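A.B. asks: pasting a predicted model and its sequence here:
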Amino acid sequence: MKPHVHQITLGGVGRFRVLEWAGAHPAAIFLHGLTGIAEAWGPTVAALGEERPRSFAPDLRGHGHSPKPAAGYAVTDYVSDLLAACDALGLDRPHLVGHSMGGRVALVAAARYPERFRSVAIVDIGPEAWRTNWVETQEALDQLPTRYPDIETAIGTAARPRGPGSATSEELMEVARARFAVAEDGSASWLADRAALKQAVELHRSRNYWRDWERIEIPALLIRGERSRELRRRVAEAMRRRNPRVQYEELPGVGHNIPLLAPGALAALLSGFWQSP
């Protein structure tokens, strides 16, 4: 199931790459996490089956084949890109799904622009400020090689073995390969911009979005991986208390990267949520 590739120009930023998988109305738009790429949603979209919505996934700014400006990586910048992308693609009140960093963007977009979305699913991220998280993430990014001798070596760092229920090895290899650019000499480098990633995680995690979380009134679903260290259990419990309107689901035995660790289970939760009254 090969997606169609759109190139859309968003004013003042540049040309964004968006993948589209055929499906029914209403549409859904999926936002990947930090260091991710649009292809990360392929296994979940495939698991939605023939009854899936028409599905879109952009490379977010700083990632993949989308623009990498020197600045402009606040949550509100990503929300502005999302709204402009929906307009450019002609999406009328799509379902919104975001994982990790993309989930933080989805949370804020749903709270501040409820008229623009039919529903929101927030996958394994909370609204809290968390300095330790962004400091450790920046340190980890600094330790990544900037270039690998060949694409096979690069893919080996990005396509780690998974457990039962995870994306297939072929799907993981496809996602991993999509994250790199290959030079004429055969060497491979990350498509994502390291400076952009470091800005984004610091800006997103330097403030909290509890007020936005409490304001969400459109149909909303929060999904946590039981083994996640990104959405801590105490934060998830506080989220449930502070906005009981949001449906809550936890996937047993699953860590943070739910779209690749448990795409079938995630697709089942999304389908049930979208079909509920």
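C.D. replies: Okay, I see it.

A.B. asks: residue boundaries of the helices in the stretch 51-200 of the chain?
C.D. replies: Assigned by DSSP state H, counting those that start in this stretch, the helices in the stretch 51-200 of the chain fall at 75-89, 101-112, 131-143, 151-158, 169-178, 194-205.

A.B. asks: can you pull out the strands in the stretch 1-150 of the chain?
C.D. replies: 4-10, 14-21, 24-31, 53-58, 95-99, 119-123 (DSSP state E, counting those that start in this stretch).

A.B. asks: make a markdown table out of the helices of the stretch 51-200 of the chain and add distance to Val13, mean neighbour count and mean pLDDT.
C.D. replies: For glycine as for every other residue, the C-beta is placed from the backbone atoms N, C-alpha and C. Listed next are these as a markdown table, based on distance: least, Cβ to Cβ, whole Å; neighbours: other Cβ atoms under 10 Å; pLDDT from 0 to 100:
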| stretch | distance to Val13 | mean neighbour count | mean pLDDT |
| --- | --- | --- | --- |
| helix 75-89 | 7 | 19 | 98 |
| helix 101-112 | 15 | 25 | 98 |
| helix 131-143 | 22 | 13 | 96 |
| helix 151-158 | 26 | 16 | 81 |
| helix 169-178 | 21 | 17 | 88 |
| helix 194-205 | 12 | 20 | 98 |
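
A.B. asks: what pairs with the helix or strand hosting Leu222, parallel or antiparallel?
C.D. replies: Using DSSP states H and E, Leu222 maps to strand 220-225. Strand 220-225 sits in its sheet next to strand 119-123 (parallel), strand 247-251 (parallel), going by DSSP bridges.

A.B. asks: most neighbours per residue, which of those strands?
C.D. replies: Burial of the strands paired with strand 220-225 is given as mean neighbour count (mean count of other Cβ atoms under 10 Å); strand 119-123 ranks first at a mean of 26.
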